[in-house]
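**Q** my questions concern the predicted model and sequence given below.
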Amino acid sequence: MNDPFKENGCMPHRAAVTGWGWYSPTQVLSNHDLEKLVDTNDAWITSRTGIRERRIAAAGETTSSMATIAARQALAEAELQPDELDLIICATTTPDQLIPATACLIQRNLGAHRAGAFDLNTACTGFIYGLATGAQFIQGGGAKRILVVAGETLSRFMNWEDRSTCILFGDGAAAVVLEATTQQSGVLSTVLGSRGDIEQMLTIEAGGCARPASTETIAQKAHCVRMRGNEIFKMAVRNMAQSAQQALAKAGLTTNDIRAVIPHQANERILIATRDAIGISEDRMFMNIDRHGNTGASSIPIALGEFLQSTPVDVGDHLLLVSFGGGLTWGAAVLRWADIPAVKLERAAAQRAKLALIG
Ligand code: UT7
């Protein structure tokens with residue numbers, strides 16, 4: 001097969017993470033607070049899920065406002081201006097509104113004048129799908145710098161009388177900058193999967209064209225998350241373990257090569273079962289579910305941000321990201337940590353070459 005990069009006289013590019021940021025609302029909802037709302041208790045929630053508290057967006061906060069804060073941090077870390085972005089991909093299940101896409105609101109807030117912007121909805125797997133899409137744009141030469149951002153305001157879609165769901169979810173946002181590099185680092189492999197035939201396991205039924213908003217849908221709380229938790233649980237363990245193994249094989253690596261697994265924080269028991277299934281030691285799987293609950297698409301990049309804050313990562317270290325969510329969807333990605341200062345030097349050299357051409 002012809003190599004389009006070689007034909008155009010270009011070096012092949014990989015997509016490296018050069019910036020990251022996250023935002024959690026300040027309002028904390030503890031298990032003890034939930035005891036006052038529904039028939040539950042701290043011991044049940046902690047032992048069945050690992051969650052102790054979650055963050056809830058304040059009245060004026062939205063998915064786009066939280067995502068904008070996270071995006072600004074990611075851009076600052078990457079030392080990029082908003083107008084240097086080519087594309088903004090926003091993974092969310094809880095957009096501010098149906099039109100415009102939340103990505104467009106983030107683009108406006110940032111002043112990212114040159115960027116295309118679109119949303120992507122694969123529920124809790126949204127960040128992996130966003131990362132895979134962004135990496136393809138960079139590898140195909142269609143973009144050089146992409147903001148992959150995830151945000152969820154799930155608290156607005158909870159039935160606060162349903163103890164099987166309202167204890168699980170939280171709000172938040174996080175972002176990474178993906179940037180073209182000639183290093184053999186960045187996104188090494190991605191695996192995506194779906195089962196739309198069993199979509200009813202996790203839904204928000206109303207508010208779309210199939211069941212538009214009506215007094216009936218509101219009375220039935222059909223705009224809220226409904227879930228068959230027990231069935232999802234088993235599917236989640238099986239598919240997270242399988243896709244993690246597939247992503248490793250695609251990257252030509254084994255679990256021994258992995259510095260840390262950053263999984264979707266769905267349920268502590270799901271994560272422990274996945275950890276055992278793929279044979280990763282306890283100290284190499286990052287968990288923050290106790291403080292955040294399940295923040296949907298934001299869960300992996302929030303965890304990544306907290307992981308990077310607490311753990312030094314060396315150039316060449318491998319991270320395995322893995323997720324499962326509504327759709328049903330699942331996916332995994334392997335990242336090789338890039339030499340970020342060197343990516344920034346590559347960027348500066350490319351800009352100088354461009355200016356010289358213009359001049
Ligand atoms: O983000 C990806 C998608 N989501 C997930 O991955 C979530 C996956 N599922 C789960 O995390 C778990 O299935 C849950 C945490 C939702 C539920 O835990 P479980 O161990 O699967 O419990 P269960 O649904 O089998 O229910 C066991 C019992 C039931 O009572 P009975 O019928 O045995 O008397 C429930 O009514 O626990 C009861 N229960 C509760 N009790 C106290 C359910 N929710 C609660 C609660 N507090 N909040």
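**A** Okay, I see it. Numbering: from 1, shown residues only.
**Q** list phi and psi for the spatially most central residue of the chain.
**A** The residue lying closest to the centre of the chain (Cα atoms, centre = their mean) is Phe127, at 2.8 Å. Torsion angles at Phe127 (phi, psi; degrees, to the nearest 10) stand at phi -70, psi -40.
**Q** how near is it to the ligand?
**A** Applying Cβ to the nearest ligand atom, to the nearest Å, the value for Phe127 to the ligand is 12 Å. Where C-beta positions appear, they are placed from N, C-alpha and C, glycine not excepted.
**Q** mind checking which helix or strand Leu320 is in?
**A** Under the criterion of DSSP states H and E, Leu320 resides in strand 318-325.
**Q** that strand pairs with which strands?
**A** Its sheet considered, strand 318-325 pairs with strand 258-263 (parallel), strand 329-336 (antiparallel) by DSSP bridges.
**Q** pick the most deeply packed of those.
**A** strand 329-336 (a mean of 27; mean count of other Cβ atoms under 10 Å).
**Q** now it: mean pLDDT?
**A** Strand 329-336 comes out with an average pLDDT of 98.
**Q** helix or strand right after that strand?
**A** The helix or strand immediately downstream of strand 329-336 is helix 340-358, counting by DSSP H and E.
**Q** contact partners of that following helix?
**A** Ala16, Thr18, Ala78, Glu79, Lys144, Glu179, Thr181, Thr182, Gln183 (Cβ atoms under 8 Å, 6 or more residues apart in numbering).
**Q** list the buried residues in it.
**A** Across helix 340-358, burial judged by 16 or more other Cβ atoms under 10 Å covers Ile340, Val343, Lys344, Glu346, Arg347.
**Q** list the helices and strands whichever strand or helix holds Asn230 packs on?
**A** Using DSSP H and E, the element containing Asn230 is helix 229-250. Contact here means 3 or more Cβ pairs under 8 Å, 6 or more residues apart in numbering; DSSP states H and E; on that basis helix 229-250 packs against strand 186-194, strand 258-263, helix 268-278, strand 318-325, strand 329-336.
**Q** got JSON lines for these, with distance to the ligand too?
**A** Listed next are the helices and strands packed on helix 229-250 as JSON lines, based on distance: least, Cβ to the nearest ligand atom, whole Å:
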{"stretch": "strand 186-194", "distance to the ligand": "14"}
{"stretch": "strand 258-263", "distance to the ligand": "11"}
{"stretch": "helix 268-278", "distance to the ligand": "6"}
{"stretch": "strand 318-325", "distance to the ligand": "5"}
{"stretch": "strand 329-336", "distance to the ligand": "9"}
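**Q** what does the stretch 1-150 of the chain put close to the ligand?
**A** Selection of the stretch 1-150 of the chain residues close to the ligand by Cβ under 6 Å from any ligand atom yields Thr40, Trp44, Ile45, Arg48, Thr49, Cys124.
**Q** now what about the helix or strand hosting the fourth one, what contacts it?
**A** With the criterion set as DSSP H and E, the secondary-structure element containing Arg48 is helix 42-49. Residues from elsewhere that reach helix 42-49 (Cβ under 8 Å, 6+ apart): 30-32, 34-35, 51-52, 167-168, 267-269, 289, 293.
**Q** just the C-alphas of whichever helix or strand comes after it, formatted as CSV.
**A** Note on helix 42-49: by DSSP H and E, the next helix or strand toward the C-terminus is strand 53-56. Taking C-alpha atoms only, strand 53-56 is exported to CSV below (Å, rounded to 0.1, in the frame of the first residue of the first chain):
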residue,chain,number,x,y,z
GLU,A,53,-18.5,11.5,48.0
ARG,A,54,-19.1,13.1,44.6
ARG,A,55,-19.0,16.7,43.3
ILE,A,56,-22.1,18.4,42.1
